[in-house]
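Asker: Quick one: sequence and predicted model below, then my questions.
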Amino acid sequence: MPTSSRTDGHPAPAAVSAAGLRKSYGDKTVLDGIDLHIPAGSVFALLGPNGAGKTTTVQILSTLIAADGGQAQVAGHDVATSPDGVRAAIGVTGQFSAVDGLITGEENMLLMADLHHLSRSEGRRTATELLERFDLVEVAKKPASTYSGGMKRRLDIAMTLVGDPRIIFLDEPTTGLDPRSRHTMWQIIRELVSDGVTVFLTTQYLEEADQLADRIAVLDDGRIAAEGTAEELKRLIPGGHVRLRFADPAAYRSAALALRGVSRDDKALALQIPSDGTQRELRSLLDRLDSAGIEADELTVHTPDLDDVFFALTGSTDQPEEAVR
């Protein structure tokens, strides 16, 4: 995955930043003062249940709607005072495809090239390159209405890239796709980031955030409940432990005596020790075993996953996709 810091030790410049963003519709508060700082060249995932405010956040940052309060900058432009500058720097792909099904994939691409005021030759060259990149050459002359869901989503992103945006907002880009198409989309996102593009991803797919994101923010009821790397978020939730398994019953009994606060499984000759899985804790555990002259045959670290984080932080009964599959 890309790193959010430059090699000279200085933080990467922010591609997206926000302070105190607020948005309400009538008496319904959708965003209740959220702060964001997303380094350039990284993947940021905004995770949350339906109605948490994910799409509203994207709409504000992409200048589609105005915030009621707070400030935000995208690509160095203020979203309120310099919306044209923001729009020139970004691409947006939503849950619902912008593809026109009545025309071919190639015609969709050329139409987008016209909207970006590319010359005819440059537009055709760009369309050809992107259709090849997204493996759409064989269907380029067919109406987009005949495309599968995965093909339409790839075409949608290809159209977004016509303007060579440096920041892309992907609002639940794999909703409704089959597992194979989702994995293809993940690879596309990784390739975009390797080219230096910043990706702002909203998703309900916990595995998606875990696989792709440098940093994840959990949005609940209009507020950021927690933010960090996937591993940092997992460590917020209790339940992590280390499991030691022994082949020698004598070693198992000695370890059970030497270690405090362990849960025993006498049948499996296994011990379970509460742990957050950090290197420091593991080293301390191994040092205690070494000092007692005990060697475990198997050591496994179990940490809470993003499902646990999601439910603990949101208290939501609106289950993310992995939980219902």
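Answerer: Looks like it arrived, so ask away.

Asker: Read off the pLDDT value for residue 166.
Answerer: Residue 166 carries a pLDDT value of 94.

Asker: swap that for residue 172, please
Answerer: 87.

Asker: Next up, the contacts around it.
Answerer: For residue 172, the contacting residues are 54-55, 94-95, 202-204, by CB atoms under 8 Å, 6 or more residues apart in numbering. For every residue, glycine as well, the C-beta is placed using N, CA and C.

Asker: ok, so what distance separates it from residue 255?
Answerer: 47 Å (CB to CB, to the nearest Å).

Asker: Please report how far the residue lying closest to residue 48 once chain neighbours are set aside lies from residue 204.
Answerer: Nearest non-adjacent residue to residue 48, counting by CB to CB, 6 or more residues apart in numbering: residue 219, 3.7 Å away. Distance of residue 219 to residue 204, computed by CB to CB: 11 Å.

Asker: any shared contact partners between those two?
Answerer: 47-48.

Asker: quick one: what helix or strand has residue 287 in it?
Answerer: helix 279-291 (DSSP states H and E).

Asker: which residues sit against that helix?
Answerer: 242, 255, 258-259, 273, 275, 295-296, 301.

Asker: what ranges do the strands span in the protein?
Answerer: 14-25, 28-39, 43-47, 69-74, 77-78, 90-93, 167-171, 198-203, 215-220, 223-228, 241-245, 263-265, 270-274, 298-302 (DSSP state E).

Asker: which other helices and strands contact the fifth one?
Answerer: Strand 77-78 is packed against helix 83-89, with contacts defined by 3 or more CB pairs under 8 Å, 6 or more residues apart in numbering; DSSP states H and E.

Asker: mean confidence score for the helix it packs on?
Answerer: The model assigns helix 83-89 a mean pLDDT of 94.

Asker: from the chain's centre, how far out does it sit?
Answerer: 23 Å (CA atoms, centre = their mean, to the nearest Å).

Asker: Can you show me the CA trace of it as PDB?
Answerer: Extracted as PDB, the C-alpha positions of helix 83-89 are listed here (Å, rounded to 0.1, in the frame of the first residue of the first chain):
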ATOM      1  CA  PRO A  83     -15.500  25.300  -6.500                       C
ATOM      2  CA  ASP A  84     -14.200  25.500 -10.100                       C
ATOM      3  CA  GLY A  85     -10.700  24.800  -8.900                       C
ATOM      4  CA  VAL A  86     -12.000  21.800  -6.900                       C
ATOM      5  CA  ARG A  87     -13.900  20.400  -9.900                       C
ATOM      6  CA  ALA A  88     -10.900  20.800 -12.200                       C
ATOM      7  CA  ALA A  89      -8.800  18.600  -9.900                       C
END
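
Asker: re the thing from before, so what's the residue count around the residue nearest to residue 48?
Answerer: Neighbourhood size, residue 219 [other CB atoms under 10 Å]: 24.

Asker: and it, what does it touch?
Answerer: Contacts of residue 219 by CB under 8 Å, 6+ apart are 34, 46-48, 52-54, 57, 225.

Asker: Which one of those is nearest to residue 246?
Answerer: residue 47 (38.8 Å; CB to CB).
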